[in-house]
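S.K.: Quick one: sequence plus predicted model below, questions after.
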Amino acid sequence: MKKIFLSIMILAVGVTACNQKESSEQSSEVEEKVETEKEDTFLGESFNVENVTTLDILVRDMNSYDSVMAVVEAKVTEVCQAKGCWMKVDLPNGETMRVTFKDYGFFMPKDLAGKSVKMIGTAKIEATDVETLKHFAEDGGESEEEIAKIIEPKMDYKFVASGVKIMN
């Protein structure tokens, strides 16, 4: 009887040890998956990053329609240094486009300038009032003298992003 009991105990310890090894392997797989997901992190809404509209076509369409829904890829040139609540990207026509985020729902890292992003949202050309232009200039770190030079509204390319993916 002692031999049977001892055999059952050894078997139980062996099964427990195997389960712990499997659990450890599963834990490693989960950690790897989390690392992969970090690389695929979206700010705001996630979206299909494959169907990208070129910036040339976006500008053309913005000049033809009231607003344009699109997924675009662009290089960030400037980010709001107060909160990361807006960013600027260069357009192929020499202009810049200010990107804000739907419902003020998410923000960009302040050190994003120089990196590429893919984003989904609505683009349009619209007037920006003097007060908002001064606010943006202040957030961008402009001097008091530069801010004082802003005295009239400006027609701007704008993009309201519902989702952004920072590219590696």
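M.R.: Sure, I can see it.
S.K.: so where is the chain shaky, pLDDT-wise?
M.R.: By pLDDT under 70, the low-scoring segments of the chain are 1-40.
S.K.: residue boundaries of the helices in it?
M.R.: For the chain, the helices defined by DSSP state H cover 2-39, 55-64, 130-139, 144-148.
S.K.: Okay, buried residues for the last one please.
M.R.: Put plainly, it is helix 144-148. By 16 or more other Cβ atoms under 10 Å, helix 144-148 has no buried positions at all. No exception for glycine: its C-beta is placed from N, CA and C like everyone else's.
S.K.: and if you look at the third one?
M.R.: Residues of helix 130-139 classed as buried: 133-139 (neighbour count, 16+ other Cβ under 10 Å).
S.K.: tell me which residues in stretch 101-115 are buried?
M.R.: 101, 106-108, 112.
S.K.: Could you export those as CSV, including distance to residue 42?
M.R.: Shown next, in CSV, are the buried residues of stretch 101-115 (distance: Cβ to Cβ, whole Å):
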residue, distance to residue 42
101, 12
106, 9
107, 13
108, 12
112, 14
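S.K.: what's the domain layout of the protein?
M.R.: Annotated domains of the chain cover 2-39, 43-166 [automatic domain parsing].
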